[in-house]
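Engineer: With the sequence up front, the predicted model follows.
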Amino acid sequence: MSHALHRYGTVQNLKNDFTLFARTSRWVNREGGGPKLKKILDILLSEKPLNFGSSKYGKNLMSGLDLEEFKATLDDAVGVVCCFSDRESFKRVLLKLKEAQIGISIVVSGLIEDVFKIAAEIGLKPHTVFLSLGIHGNKKLLPDEKVLEITTMCGHGLVATKLAKSTIKKVKAGNLRIDEGAKLLAQPCPCGIFNTDRCQQLLELFLPADS
């Protein structure tokens, strides 16, 4: 989905950041799609995604999403969304989905060279490609680039700049552990595409050099 395309960062810190969307389509396969989505969810869970969630349910794994309750919502859900921070797990889940031939559209995002390379390794050819053209307009109104790297991991803009700055401040002062800060920042993003592993790496950059 296009809202996963605008993750701000460097090639290096985006290297292990992959999102995956399994989406039904209105008037095509949404009605009766619940069992297929549940099968997809089981495949995703077999490779332990870092985070997953549901905008319909309004929660993600980091904000207390209950797996059984979540599965029950899939009978009328639009789809399943998750993110991975491990390339090989991401690759294996794509291979499993390819072999399962469930009939639901799968959309992934990541660095385009890496996504194409993974697809080639498992015999997949991408159907359609969307590219982010960057940020346009008055960039002076934007927060610091290091803050953007964190907030843009929620494509719907629900991770507020003030929350990111507050979390960074607490981490720098030693009042909040990095893993706790990453989990806190992930909670407002119900889709579940906020990558907490990457967030921890970004928060580490704010620690004093001797810590």
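Structural biologist: Nice, thanks for sending it over.
Engineer: Show me what the lowest-mean-pLDDT helix or strand in the chain packs onto, helices and strands only.
Structural biologist: Least confident helix or strand of the chain, by mean pLDDT, DSSP states H and E, is helix 67-73 with a mean of 85. Using 3 or more C-beta pairs under 8 Å, 6 or more residues apart in numbering; DSSP states H and E, the elements in contact with helix 67-73 are helix 34-46. The C-beta positions use only the backbone N, C-alpha and C, and glycine is treated the same way.
Engineer: Mind listing what's buried along the helix it packs on?
Structural biologist: 34, 36-41, 43-44 (16 or more other C-beta atoms under 10 Å).
Engineer: mind giving me the domain split of the chain?
Structural biologist: Using automatic domain parsing, the domains assigned to the chain come out as 9-121, 139-204.
Engineer: Mind putting these into CSV with distance to His127?
Structural biologist: As requested, these are exported to CSV (distance: least, C-beta to C-beta, whole Å):
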stretch, distance to His127
domain 9-121, 9
domain 139-204, 20
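Engineer: looking at those domains, which is closest to His3?
Structural biologist: Among the domains of the chain, domain 139-204 comes nearest to His3, with 3.0 Å by C-beta to C-beta.
Engineer: ok, which stretches of this structure are helices?
Structural biologist: 34-46, 67-73, 87-100, 112-121, 145-151, 161-172, 178-186, 196-204 (DSSP state H).
Engineer: which stretch in these has the least confidence?
Structural biologist: Note on the helices of the chain: helix 67-73 shows the lowest mean pLDDT, a mean of 85.
Engineer: Quick one: distance of it to the chain centre.
Structural biologist: 19 Å (C-alpha atoms, centre = their mean, to the nearest Å).
Engineer: Ok, stretch 59-71 next?
Structural biologist: The answer for stretch 59-71 is 15 Å, by C-alpha atoms, centre = their mean.
Engineer: Equivalent analysis for stretch 144-155, please.
Structural biologist: Offset of stretch 144-155 from its chain centre (C-alpha atoms, centre = their mean): 13 Å.
Engineer: What of stretch 13-21?
Structural biologist: 7 Å.
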